[in-house]
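In: Quick check, what structure comes out for this input:
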Amino acid sequence: MAAQSPRAIYASNGLEIDLSRRELRRRGISVPIGSRAFEILELLVRSGGELVDKYHIMDSIWPGAIVEENTLQFHISALRKALGTDRSLLKTASGRGYRLLGQWTVREVTALQHRPDPPVEPRQPFRTNVPIAGSALIGRSMPRQQLLNVLSAYRVVTLTGPGGIGKSVLALAVARNLFPTLDGDCWLVELASLSDPTLVPSAVASVLGLRMGGNDISAASVARAIGSEKLLLVLDNCEHLADAAASLAEALVRLCPNVSILATSREILRIEGEYVYRVPSLDVPPRNPADVASIGAYSAVRLFAARLTTLDSGFSSRPEDLPLIAAICKRLDGIPLAIEFAAARAATLGLQQVADRLNDRFNLLTGGRRTALPRHLTLRATLDWSHELLTEPERLLLRRLAVFASTFSLEAVGAVVASVESASPEVVDSLSSLVAKSLVVAEINATTPRYRLLDTTRAYAFEKLAESGERERLARRHAEYYRDLFERAEAELEMRPTVDWLDDYGRHIDDIRAALDWSFSSAGDTSIGLAITVAAVPLWMQASLMEESRRRIEQALGSLASQTTWDKRREMQLLTAWGVSLLLTRGGAAEMNAAWTSALRIAEELDDTDYRLRALWGLYIDHLTRGDYRTALACAERFHQLTASAAESTDRFMGERMIGTALHMLGNQNDARRHFEQMLGLHLAPDYRPNVTRFPFDQRAQGRSFFLESCGCKASPTRPCSSWPATSTLREQTTIRLGSSLC
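Out: Modelled structure (predicted):
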């Protein structure tokens, strides 16, 4: 039957599925598609539009193998990508299978279209020049399997990533795994030593042993010489010849239906049908692992230990060494080449010396293998290679991005990095190019794309920034940007869920630290540092970094004397924040009372009601904790007077609670209960959350607890307080309180 002929061509609306050549064509042009993906397409088109069960597809395409359903879904996705604008023809019946729609005509390949196969000659065993592995591949079992699956769905796969990430090692491991089942040749073409892009086709022809006449060897002539031969071509180190490598790959997939290409490059080839696989770093342990023994299971640590063992036969990783090895691997971003350099140094200097000297990593991490490529002999040479391939605008942007200590947004890049000589559109283009060249990492999520430099790349770029003479100017713009960002952040805190707020702003903590370090340095601007310190207090408190907050506030207060103009408002804000930080870190420190007393004096001079309340609350807490209840009551009454006409019910709620608590501590339970009842009559919004930068305790919880204590009844978790408002719940009445038991 014609429809079952292996030489049939199925056609529909400009698409052709040629079973003879095992080729998908769109308007006569071949579309790159992997061998397994084509077999699925053939099975679907032969079904005549009928539904093909997913299990039947898996049994037919992978006979005798155990295949996960997501493998089939991966190949279906590749097919849809190949179909392009006609992707709607491939329909999914959820949970059942797939069908190929469309009106397909079938014709047999005529004698003119298809020449008879030549007599089959015994062929030599399939050939390869891929070297045998010199050592075990650590931490790459999952990427290796992913790439084996990818190569059965796509004909051009590019492994990309920063220098030293292990692209070549992984590509060779995949080629070695694929070769036994390839039913074709597997050739490695190393392009690292090639400098002339016009010689790329010649290099491929030479490795393949093609007999090419004349000196003018082109990508098309190499493709015609290969013809229908089945082979896997590994093009290693394409980044400096990206255009030539892309032209060759494009010609091969267009003219050679049985050729697949596995390329490694720090920059993608950008050709039709290319699947880009970004090689991940090795796994590194978290900052504070729950179990020290588990550190040894992370692939970065295993690589470090394995390499150190080969260099120092007496080395054996002890449990006490693991945290130090983990810290080294984390500082090196899990990059295999850098980890191997570090292990080599640890064999002669010891682990502690290596960890202590990583700030000077480019002088420390040298001495690669003698047979390695020149750019893999030192960590600096690896990055020099990438840097030399950049355009001048890209080099300019890369060094300026070093000013960011953590992730950054496109908005931040525009505000800090863009300038008169580099307008925003040019910056965006250069940033996109740096991402494509694996020097900037893009973290794309559902909301805002963010970017970052790996720690090693940032250290390299920072050197370039210092050499350029732009460092101080960029540091100032960086500090000003984060000052402005966090001055807006506190206003958002009360309007957004704390978790969301902290997720957005907590990521900037390292940039806040870097901005403060510059601001208070000899080359910095103290006034910017003072503003950042005040603005960052909510972040430190929400992130429970109170010791850091206290140290930074003390640093800012110490710098006030150097100001040419005395900023009383900044001093008041710092003194108030210092009092809170002392309360939460040192309890009743002697400086706490002085801080809030001075803050209150300045607030009265400036007629600032908000900071009067903050300072009075602080003094009230100080006297209460020291047992001076009468002075605490006086502070509470002043607070209450200021809030009597306030529109903010939270402050009035707090004023009643403060007086009630002080009276309770003085033994005046009747008056205390009256103030607590007035407090409970005030409305607090159901979604009320304490503003921890003003009064860092939950006022509702404190108020309810002291009410129960003052009322004198025998409330318990099973019997509610008879005096509590009828609208309250039993759970509200038995709220766990600070400092005492239920009444």
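In: Please count neighbours and contacts with C-alpha atoms only from this point.
Out: Will do.
In: Now the phi/psi pair for R22, please.
Out: When read as degrees, to the nearest 10, the backbone of R22 gives phi 50, psi 60.
In: For it, list the residues it contacts.
Out: The contact partners of R22, by C-alpha atoms under 8 Å, 6 or more residues apart in numbering, come to 38, 257.
In: pLDDT wise, what is it at?
Out: The model reports R22 with a pLDDT of 84.
In: roughly how far apart are the residue sitting nearest the centre point of the chain and V435?
Out: Centroid check for the chain by C-alpha atoms, centre = their mean gives E443 as the closest residue, at 5.0 Å. Distance, E443 to V435, by C-alpha to C-alpha, to the nearest Å: 10 Å.
In: next one: T71
Out: For T71, the distance to V435 - C-alpha to C-alpha - is 28 Å.
In: For D236, list each beta-bridge partner.
Out: E190 (DSSP bridges).
In: tell me the contacts of it?
Out: 168, 188-192, 263-265.
In: Could you check how far it is from E229?
Out: 21 Å.
In: I'd say A342 and V354 touch.
Out: Yes: counting by C-alpha atoms under 8 Å, V354 is a contact partner of A342 at 6.9 Å.
In: Identify the contacts common to those two.
Out: In contact with both A342 and V354: I328, using C-alpha under 8 Å, 6+ apart.
In: Where does pLDDT dip in the stretch 251-400 of the chain?
Out: Residues of the stretch 251-400 of the chain that meet the criterion pLDDT under 70 lie in 312-317, 367-377.
In: what about the strands in it?
Out: For the stretch 251-400 of the chain, strands defined by DSSP state E, counting those that start in this stretch occupy the ranges 259-264, 274-278.
In: could you dump those to a markdown table with distance to D243?
Out: Shown next, in a markdown table, are the strands of the stretch 251-400 of the chain (distance: least, C-alpha to C-alpha, whole Å):
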| stretch | distance to D243 |
| --- | --- |
| strand 259-264 | 13 |
| strand 274-278 | 14 |
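In: Of the ones you listed, which stretch is the most buried?
Out: strand 259-264 (a mean of 26; mean count of other C-alpha atoms under 10 Å).
In: Can you name the residues in contact with it?
Out: Applying C-alpha under 8 Å, 6+ apart, the set of residues contacting strand 259-264 is 34, 151, 154-160, 167-168, 171, 228-239, 249, 252-253.
In: quick one: it to chain centroid distance?
Out: 28 Å (C-alpha atoms, centre = their mean, to the nearest Å).
In: That strand - which strands sit beside it in the sheet, and in what orientation?
Out: strand 156-160 (parallel), strand 231-236 (parallel).
In: That one to strand 274-278, inter-axis angle?
Out: 30 degrees (axes from the mean of the first three to the mean of the last three C-alpha atoms, to 10 degrees).
In: circling back to that earlier point, how much space is there between the residue nearest to the residue nearest to the centre of the chain when sequence neighbours are not counted and A412?
Out: Computed as C-alpha to C-alpha, 6 or more residues apart in numbering, the closest residue to E443 that is not its neighbour in sequence is R450, at 5.1 Å. Separation of R450 from A412 (C-alpha to C-alpha): 10 Å.
In: remind me which residues of this protein are low pLDDT?
Out: Ranges of the chain meeting pLDDT under 70: 1-6, 109-124, 213-215, 312-317, 367-377, 419-423, 446-447, 588-589, 646-649, 683-743.
In: what about the longest helix in it?
Out: helix 471-493 (DSSP state H).
In: Could you list the buried residues of stretch 26-46?
Out: 26, 30-46 (16 or more other C-alpha atoms under 10 Å).
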